[in-house]
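1. Below: sequence and its predicted model.
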Amino acid sequence: MSEYLKEVPDEYRMGEESNETPEIPKRFRYAIVLGSGVGVDSSGKAIGLTLDSKLRALAGGLLAREGVVNELILTGGKTAGSDNPSEADAMKSYLLKKYPDLANFPIRLEETSVDTTESAKSVAEMLGGDSKKPVLLITNDYHMLRASRDFQNQGLTIEEIPAETIVSKRSGHHERFIQEYLRSCKTKKKQAIEIALRGMMKLDPEGKLLTLLAHKLRGGKTI
């Protein structure tokens, strides 16, 4: 498989679709789905979501279809430039393309943040009094520890489920895809970068330096 994994498979092999999702003991009012970038071409024009953003959007859609959550909150601002869609809006478009039956499902967009710290602050403000209720956080496994800390720092009670776990349960075909994704050099590089970012959090627990860095790198992916 190519190191640059562009798409989550749509097709199931004969008899393999399981329609399973991980067993979650309760329903949640909200699931927060974190964006992870919009890809651009050499001219700066958006060419679609990054694979991580697609995995997270698909995971949120699967849980919505299973009735695990009552509302989705998709996060991420215009990190690919002001002329391109926000991460949140691009994830919504992708999710509804994959799951048209969710056209009337409640989906809110947080479109101002450029990093996870800002996403957490914005979502806490959006939820208001509901921020004290447990919410489900969906992101990639390598990103979950830092993301959870950012949201907990805003007073939210977080329960975690990695996007890979949700998508891999969809079918044997998807499970093999996720295993190859996890073994890819691109994913291992992201894991190494995340370890470095966690180290920065020890020096900057409020994430101010990471947010400043994200604004300077606005043309890249949300961190």
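-> Received the coordinates, thanks.
2. Could you use CA atoms for every contact and neighbour count after this?
-> Noted.
3. Name the helix or strand of the chain that has the lowest mean pLDDT.
-> Least confident element among the helices and strands of the chain, by mean pLDDT, DSSP states H and E: helix 208-216 (a mean of 66).
4. And the strands in this protein, which stretches?
-> In the chain, the strands defined using DSSP state E lie at 28-34, 38-40, 46-49, 69-75, 107-110, 135-138, 158-160.
5. Using PDB, write out every CA atom in the fourth one.
-> Okay, so that is strand 69-75. Taking Å, rounded to 0.1, in the frame of the first residue of the first chain, the C-alpha atoms of strand 69-75 are listed here in PDB:
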ATOM      1  CA  VAL A  69     -24.900  10.100  19.800                       C
ATOM      2  CA  ASN A  70     -27.600  12.700  19.400                       C
ATOM      3  CA  GLU A  71     -25.600  15.400  17.800                       C
ATOM      4  CA  LEU A  72     -22.200  15.800  16.100                       C
ATOM      5  CA  ILE A  73     -19.900  18.800  16.600                       C
ATOM      6  CA  LEU A  74     -17.300  19.000  13.800                       C
ATOM      7  CA  THR A  75     -14.300  21.200  14.500                       C
END
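6. Residues touching that strand, excluding its own?
-> Residues outside strand 69-75 that contact it (CA atoms under 8 Å, 6 or more residues apart in numbering) are 27-35, 60, 63-64, 87-89, 91-92, 105-111, 113, 119.
7. got it, and the fifth one?
-> Where contact means CA under 8 Å, 6+ apart, the residues beyond strand 107-110 that reach it are 71-77, 88-89, 92, 119, 122-123.
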